[in-house]
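Enquirer: below are the sequence and a predicted model for it; my questions follow.
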Amino acid sequence: MNCHNEEGIILRPVDFRERDRILTFLTPEQGKISGIVHGARSLKSQNRAATESLVLARFEYVERRQTAMVKIEHCEALDLFPAIRKDYSR
């Protein structure tokens, strides 16, 4: 399995099961990627803030063999863009 480090903007987070979240994010090198973050919705998760929509984040992920979705091991928020979150119509 190859481990990748990419920066990208989260386009669409989707809650999955009890604690997980599926992210669709856009990177300059790989394009659009979908991946799952296990435990992202738990209260003690370090990845919780970095899995919201329209967040610039650094992702560390592993490609899986039998699915197009990657497994995101770690994500770190680089910029939360508070002005955009306040007013989406701008």
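Expert: Here it is on my side, so go on. Numbers count the residues shown, from 1 in each chain.
Enquirer: just the mean pLDDT for stretch 82-90, thanks.
Expert: For stretch 82-90, the mean pLDDT works out to 75.
Enquirer: what lies in contact with that stretch?
Expert: For stretch 82-90, the surrounding residues in contact (CB atoms under 8 Å, 6 or more residues apart in numbering) are Leu54. No exception for glycine: its C-beta is placed from N, CA and C like everyone else's.
Enquirer: adjacent strands (with direction) for the longest strand along the chain?
Expert: Counting by DSSP state E, the longest strand found in the chain is strand 3-16. Strand pairing for strand 3-16, determined by DSSP bridges: strand 20-27 (antiparallel), strand 56-62 (antiparallel).
Enquirer: got the ones you listed as CSV, with distance to Met69 columns?
Expert: As requested, the strands paired with strand 3-16 are exported to CSV (distance: least, CB to CB, whole Å):
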stretch, distance to Met69
strand 20-27, 7
strand 56-62, 10
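Enquirer: reformat those as a markdown table; add mean neighbour count and distance to Ile36.
Expert: Listed next are the strands paired with strand 3-16 as a markdown table, based on neighbours: other CB atoms under 10 Å; distance: least, CB to CB, whole Å:
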| stretch | mean neighbour count | distance to Ile36 |
| --- | --- | --- |
| strand 20-27 | 20 | 5 |
| strand 56-62 | 18 | 9 |
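Enquirer: in TSV: these, plus distance to Arg41 and mean pLDDT.
Expert: Putting the strands paired with strand 3-16 into TSV (distance: least, CB to CB, whole Å; pLDDT from 0 to 100) gives the following:
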stretch	distance to Arg41	mean pLDDT
strand 20-27	6	96
strand 56-62	16	96
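Enquirer: among those, which is nearest Arg48?
Expert: Proximity to Arg48 (CB to CB) singles out strand 20-27 among the strands paired with strand 3-16, at 8.9 Å.
Enquirer: any regions of this structure where pLDDT drops low?
Expert: 1, 90 (pLDDT under 70).
Enquirer: repeat that for 90
Expert: Within the chain, the ranges that satisfy pLDDT under 90 run 1-2, 42-49, 64-68, 81-90.
Enquirer: nearest to Val70, of the strands paired with strand 3-16?
Expert: strand 56-62 (4.4 Å).
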